[in-house]
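Asker: Return a 3D structure for these sequence lines:
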Amino acid sequence: MDLSTSLGHSRAPWSWQRTGLVSALLLAGTGLMRTGSHLQAEFGGRSSKEFAWFSALAGAPVISMDAERAAERIVRALERRRTRLVLTPAARAAGLAHGMAPATVTRISGLAARLLPHISPQDARTEKTPEGGFEQGHTIDRTAGTWTEKVRRLGSASNDRAARRYNQQIPGPPTSA
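Answerer: Residues are numbered from 1 along each chain as shown. You can find the predicted model right below:
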């Protein structure tokens, strides 16, 4: 039983139910959404490579979802008083896999984390990262000829459109400060 089921309407105080303050409780598994946030996210280590894989995956059709479409589905689920909603096929598959074999999924997640770009001690001395060790997607060098930029462009076209639509092109304040 998940949280939204166990805390359903019957658990809300009677006065809240009577005044309509409690209309629904929904657990929404969103996965990645195309909001353009890859430009606001902060990356450390080999920031250009981290930025490339994150922005490519965050814009990939099966893995991510348009933010407006996600909002519409969440509102519709609330109107229908659903208690659980999983939006992307990737999030649905991950939930099913974890439900059937949690230890295996945990091991695979650990392996995937080890495959992510990391910085070696030699590269740490030559890497051009800001003083805090993190830099926003806006500031990362995206030289068009590099293979990381080609990968990023391949998967991130829809995410770049979302960045323009949701005004994510202007750098925001750093969140790691």
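Asker: going forward, measure contacts and count neighbours with C-alpha atoms only.
Answerer: Noted.
Asker: can you tell me how far Thr83 sits from Arg69?
Answerer: Distance of Thr83 to Arg69, given as C-alpha to C-alpha, to the nearest Å: 19 Å.
Asker: Comparing those two, which residue is more hemmed in?
Answerer: Set Thr83 next to Arg69 and count neighbours by other C-alpha atoms under 10 Å: Thr83 wins out with 19 against 12.
Asker: okay, that one: pLDDT?
Answerer: Listed pLDDT for Thr83 reads 87.
Asker: Which residues are in contact with the residue lying closest to it once chain neighbours are set aside?
Answerer: Of all residues not flanking Thr83 in the chain, Leu26 sits nearest, at 4.6 Å (C-alpha to C-alpha, 6 or more residues apart in numbering). Each residue near Leu26 by C-alpha atoms under 8 Å, 6 or more residues apart in numbering is listed here: Ser4, Ala77, Leu78, Arg81, Arg82, Thr83, Arg84, Leu85.
Asker: Could you tell me how far Leu26 is located from Met33?
Answerer: Shown here: Leu26 relative to Met33, a distance of 18 Å by C-alpha to C-alpha.
Asker: and what of Gly155?
Answerer: When Gly155 is compared with Met33 (using C-alpha to C-alpha), they lie 13 Å apart.
Asker: what is in contact with the two at once?
Answerer: With contacts defined as C-alpha under 8 Å, 6+ apart, the residues shared by Gly155 and Met33 are Ala58, Gly59.
Asker: Between these two, tell me which one has more neighbours.
Answerer: Met33 (23 against 20).
Asker: quick one, phi psi at the more buried one?
Answerer: Phi and psi for Met33, reported as degrees, to the nearest 10, are phi -120, psi 140.
Asker: Mind telling me which residue is nearest the centre of the protein?
Answerer: By C-alpha atoms, centre = their mean, the chain has its centre lying nearest to Leu32, at 3.7 Å.
Asker: gap between that residue and Leu26?
Answerer: 18 Å.
Asker: Go ahead and name everything in contact with the longest helix along the chain.
Answerer: Secondary structure of the chain per DSSP state H: the longest helix is helix 147-165. Contact with helix 147-165 is made by 34-39, 48-49, 51-53, 55-60, 142-144, 169, as judged by C-alpha under 8 Å, 6+ apart.
Asker: Out of those, which sit inside helices?
Answerer: Ser48, Lys49, Phe51, Ala52, Trp53, Ser55, Ala56, Leu57, Ala58, Gly59.
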